[in-house]
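K.L.:
Please find the sequence and the predicted model below.
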Amino acid sequence: MRFRLWCLVGGVAFATMPQAHAQSASMNLPKQVEAGSAFSIQTSGSGKAALFIVGFGQVLRRDIQLGEAASFAAGDLHNAGHYFVALVGASGTDNGAFDVTPAAQVASLSFLAKPSRLPVSLHDGISGAVYVFDAYQNLITKPMPVTFQLSGTSGAVETRTAQAREGRAWVQMDSAAKEGAAQFAARVGDISNTRIIQQVPGDPCSLRMSARPSGQKIELQTDPLRDCSGNAVPDGTIVTFTEAYDGRQTTVDVPLKRGIAQAELPAYNGAKISAATGVVLGNEIRWGSNK
Amino acid sequence: MRKLTRVICSVFALTLPLGASQPTVRVEPGDLQGPRALNDQTREGVVRDYLQAWQSVSAALQQNRPELLDRDFVGTAKDKLTDTIHDQVTTGISTRYLDRSHDLQIVFYSPEGLSVQLVDNVEYEVQVLDHGKLQTTQTAHARYVVVMTPAEVRWRVRLFQGVSE
């Protein structure tokens, strides 16, 4: 019991001891310091002391003479954040704190763009998010306009401006009607960051085939396949030809070559032939006298 | 014996302000910016991983061991904290951080799902030790802006910055 009481009294005395002598060494702190800028801390008192500036971003320690100013050169303290300051002299300690704010000048943008490849004419298909940084990789949290620009192969440029809040801005944009590589750029002042987005044709808009006899076979051929914006559907897209005759069904899957699909099926009088690709159904042909 | 008692008492006094108590945590529903909805599971994961990141950074700065940051920090945040630990080693300093309370708000979930931004009004305590000797204990209320990005199995802190209120 006596031991505990001694500990408690000792602990309290230890914890309050620096405050009892806090007037001996004192300092005058700035309220804020811009990241990377020079600043000084004026001290008063006499004798030697150690000055500690401590934060998650940086830690500085200086041995100083009380009564003089501790000067910090440009770049000494460059990480934004909240900093504790302690001036520890032989006769006491003075505590304080200040904030280091990001530099005003934008130096880089972290740009997240998605996707890297998408179909044409997709509403809100392209998204971009930007984080704004100064030269020391501090997030600049003061509001500022961020311009997003999407420029495609056709020369058309779509521009949106968003206000950055807490250092970030975002946008959603439609993909262009014309296929090809588009430049997706984010810009603040003179600083920009660009991503390339490949806009590819969408699904076929319609499917039309024609048929002609070839001995005991029927030669089937589609018209060139295009999406709803008129872009050629890429080779390799599968077209399925189906022939139904006498309760039986024959199916052939054919990839597009040079924009068209071709197939041969047995020629049966009265056969019903159809074509489809993805969710698009083409015309139907009844082979025979009314082909 | 008396000397030993004094040492025990000094340790007691040193550790008294920085107990092992859990911080109080309040997560505000807030005004989430961005077109992407944040489901409850993601929200809980982000908050859990962020609070664990505080434990990691506290341990790393107390023990001056940058490898303790690996699980919870990445990118700029990890680089800067690692540099801070090197500063501490160079100057003979170690710091003990204890988060007392967090008032959290998730303010942004980016459209592509690759980043989450939080604002944390946090109360925390720091002890500064110079070559093992306690120099000061201070408490702060500060506002932190945090950006977290998804890793394999958790969210990691990519940006961790105190901002002026």
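P.N.:
Nice, I can see it.
K.L.:
residue boundaries of the strands in the stretch 151-291 of chain A?
P.N.:
A:157-164, A:168-173, A:180-188, A:191-200, A:209-214, A:217-222, A:238-245, A:248-255, A:262-266, A:272-277, A:280-286 (DSSP state E, counting those that start in this stretch).
K.L.:
May I see those strands organised as JSON lines, with distance to B:Gln161 added?
P.N.:
In this view, the C-beta of every residue, glycine as well, is placed from N, C-alpha and C. Putting the strands of the stretch 151-291 of chain A into JSON lines (distance: least, CB to CB, whole Å) gives the following:
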{"stretch": "strand A:157-164", "distance to B:Gln161": "15"}
{"stretch": "strand A:168-173", "distance to B:Gln161": "12"}
{"stretch": "strand A:180-188", "distance to B:Gln161": "18"}
{"stretch": "strand A:191-200", "distance to B:Gln161": "19"}
{"stretch": "strand A:209-214", "distance to B:Gln161": "62"}
{"stretch": "strand A:217-222", "distance to B:Gln161": "58"}
{"stretch": "strand A:238-245", "distance to B:Gln161": "52"}
{"stretch": "strand A:248-255", "distance to B:Gln161": "53"}
{"stretch": "strand A:262-266", "distance to B:Gln161": "62"}
{"stretch": "strand A:272-277", "distance to B:Gln161": "52"}
{"stretch": "strand A:280-286", "distance to B:Gln161": "52"}
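K.L.:
most neighbours per residue, which of those strands?
P.N.:
Across these, averaging neighbours per residue (mean count of other CB atoms under 10 Å in any protein chain shown) puts strand A:168-173 on top, at a mean of 23.
K.L.:
How about that one and chain B, any contact?
P.N.:
Yes - Strand A:168-173 reaches chain B (CB under 8 Å from any CB of the partner chain) through A:Arg168, A:Trp170, A:Gln172.
K.L.:
what's across from the second one in the sheet?
P.N.:
Put plainly, it is A:Trp170. Legend: beta-bridge partners of A:Trp170 under DSSP bridges are A:Ala129.
K.L.:
Contact partners for it?
P.N.:
Applying CB atoms under 8 Å, 6 or more residues apart in numbering or on different chains, one finds that A:Trp170 lies in contact with A:Ser127, A:Gly128, A:Ala129, A:Val130, A:Ala162, B:Gln33, B:Gly34, B:Pro35, B:Phe108, B:Ser110, B:Pro111.
K.L.:
Report the separation between the fourth one and A:Leu150.
P.N.:
To A:Leu150, A:Val130 is 14 Å away according to CB to CB, to the nearest Å.
K.L.:
again with the second one
P.N.:
Spatial separation of A:Gly128 from A:Leu150 under the definition CB to CB is 9 Å.
K.L.:
which of the two has more neighbours?
P.N.:
The neighbour comparison of A:Gly128 against A:Leu150 (other CB atoms under 10 Å in any protein chain shown) goes to A:Gly128, with 27 against 24.
K.L.:
ok, now how distant is the more buried one from chain B?
P.N.:
8 Å (CB to the nearest CB, to the nearest Å).
K.L.:
This completes my enquiry, with thanks.
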